[in-house]
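Novice: got a predicted structure plus its sequence, pasted below:
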Amino acid sequence: MTAKLHRRTLGAAALAGLALPGSLRAQGTDWPNQPVRLIVPFAAGGPTDIPARLIAERMSNTLPQRVIVENRTGAGVIVGSEVVAKAPKDGYTLLYNTVAHSVLSALFARLPFDPVADFKPVALVGVIPMVIAVNKDFPATTLAELVAVLRANPNRYDYASSGNGGALHLATELFLKTAGVQANHVPYRGSAAAMPDVMSGRVPIIVDVAASALPYIDRGELRGIAVMNDSRMPQLPAVPTTAEAGMPGLTASTWHMVLAPAGTPAAVVAKVNAEVNKVLAMPEVERRLTELAMQVNSTSTPDSATAWLASETEKWTRIVREADIKAN
């Protein structure tokens, strides 16, 4: 009996050993063994697409498989995000999204997915601060002066944004609510479309993503009032932070994040995170993203990315409700 039991035990162990590689493959520990799709819910060539393609290209060079960017636009970021939410949970379809992901639930009563429950944050790529700016002839050169002008003239002045419910709209409303002042919202189809009216003084105020505002400020066509960030930007050394300008805690940014479908094995999520961080730590990648005004994060973890998304979702949901913001 003892010999038979011994043989059975050895047989079971052998079968378990044979099954182990397949089990590991099922958990995705051999990721990637096929091309990876990186879904970007923005148009090709835009400020979100460019960093996504840079990261995908470098990952393709370091991995045994290609990472292919697919631009899936429509209904804001909803169409592209739905593709990932409903994709197999295997790490072969990923989402490259921005702060727009954190306001979906607040802006839309009905969505074909749950922005929280249907996604697993993988890596926070980086943060691009917002800049409060005004027309070069506007009667304010500091944040305190801007607040004073708006307080003395409630609803007299207009501010531009890239559209209802967009990052620029939300950041401006955060500033107005924090300062306790009022201004009229004039939405455009993107910040580039708004700039002619801002530069002419027709709509004299804009809170814009630093990457978009930089050229206008450098040329003297806009006056940078304050960076909505905890530290000054090397590209705008003369523009103080909101804290330095007397409004500590007033921060706003757009940010880029890689997300996977919820339920993707933890081992796969960890591998994707490690590969993204490896690429972001490359000097040439960090240099290029810094040129795009991004503060690169090459040390994020899935847990820290999840915490960041939760904090941003809470922050912007509050602003959407307080300002009664509706999507386009």
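Specialist: Yep, it's here.

Novice: distance check, Tyr159 against Val84.
Specialist: 33 Å (Cβ to Cβ, to the nearest Å). Every C-beta, even on glycine, is put in place using the N, C-alpha and C of the backbone.

Novice: so which residues of the stretch 51-200 of the chain form strands?
Specialist: Shown for the stretch 51-200 of the chain, the strands assigned by DSSP state E, counting those that start in this stretch span residues 67-71, 93-97, 119-135, 158-161, 184-187.

Novice: which strands or helices does the last one pack on?
Specialist: Secondary structure elements in contact with strand 184-187, counted by 3 or more Cβ pairs under 8 Å, 6 or more residues apart in numbering; DSSP states H and E, are strand 158-161, helix 167-179.

Novice: contacts for it next, please.
Specialist: By Cβ atoms under 8 Å, 6 or more residues apart in numbering, the residues outside strand 184-187 that reach it are 155, 157-164, 166, 169, 172-173, 194, 197, 203, 328.

Novice: same thing but at 10 Å, please
Specialist: Residues outside strand 184-187 that contact it (Cβ atoms under 10 Å, 6 or more residues apart in numbering) are 155-166, 168-169, 172-173, 176, 193-194, 197-198, 202-203, 205-206, 323, 325, 328.

Novice: report the contact partners of Pro248.
Specialist: Here Pro248 is in contact with Asp230, Thr241, Thr242 (criterion: Cβ under 10 Å, 6+ apart).

Novice: show the buried residues in those.
Specialist: Burial by neighbour count, judged by 16 or more other Cβ atoms under 10 Å, picks out Thr241, Thr242 from the contacts of Pro248.

Novice: could I get the contacts of Pro248 as TSV with pLDDT and secondary structure?
Specialist: Putting those into TSV (pLDDT from 0 to 100; DSSP: H, G, I helix; E, B strand; the rest coil) gives the following:
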residue	pLDDT	secondary structure
Asp230	93	coil
Thr241	97	strand
Thr242	97	coil
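
Novice: which of the contacts of Pro248 lies closest to Thr301?
Specialist: Nearest to Thr301 among the contacts of Pro248: Asp230, at 20.7 Å, using Cβ to Cβ.

Novice: distance of the closest residue to Leu146 other than its chain neighbours relative to Ser162?
Specialist: Residue nearest to Leu146 in three dimensions, not counting chain neighbours: Ala140, with 4.1 Å by Cβ to Cβ, 6 or more residues apart in numbering. In this view, Ala140 and Ser162 are 22 Å apart by Cβ to Cβ.

Novice: now swap in Asn153 and tell me
Specialist: Asn153 sits 24 Å away from Ser162, going by Cβ to Cβ.

Novice: where in this structure is pLDDT low?
Specialist: Scanning the chain with the threshold set as pLDDT under 70 gives 1-29, 328.

Novice: can you give the domain ranges for it?
Specialist: The chain breaks down into these domains under automatic domain parsing: 36-127+254-322, 129-227.

Novice: of all those domains, which lies closest to Met247?
Specialist: Nearest to Met247 among these is domain 129-227 (6.3 Å), distances taken as Cβ to Cβ.

Novice: you'd agree Val122 is up against Trp308?
Specialist: No. Using Cβ atoms under 10 Å, Val122 is not in contact with Trp308, being 11.7 Å away.

Novice: who touches both of these two?
Specialist: Jointly contacting Val122 and Trp308 under the rule Cβ under 10 Å, 6+ apart are Met257, Ser300.

Novice: which residues touch Ala43?
Specialist: Asp49, Asn71, Thr73.

Novice: what's the local residue count around the second one?
Specialist: Using other Cβ atoms under 10 Å as the criterion, Asn71 is surrounded by 18 other residues.

Novice: chain neighbours aside, what residue packs nearest to it?
Specialist: Nearest residue to Asn71, sequence neighbours excluded (Cβ to Cβ, 6+ apart): Ala44, at 4.7 Å.

Novice: tell me, how many residues neighbour the one you found?
Specialist: Count around Ala44 with other Cβ under 10 Å applied: 13.

Novice: cool, and Asp118?
Specialist: A count of neighbours around Asp118, defined by other Cβ under 10 Å, yields 18.

Novice: now swap in Val69 and tell me
Specialist: Val69: 17 surrounding residues under other Cβ under 10 Å.

Novice: just list the residues touching it, thanks.
Specialist: 37-40, 44, 49, 52-57, 96.
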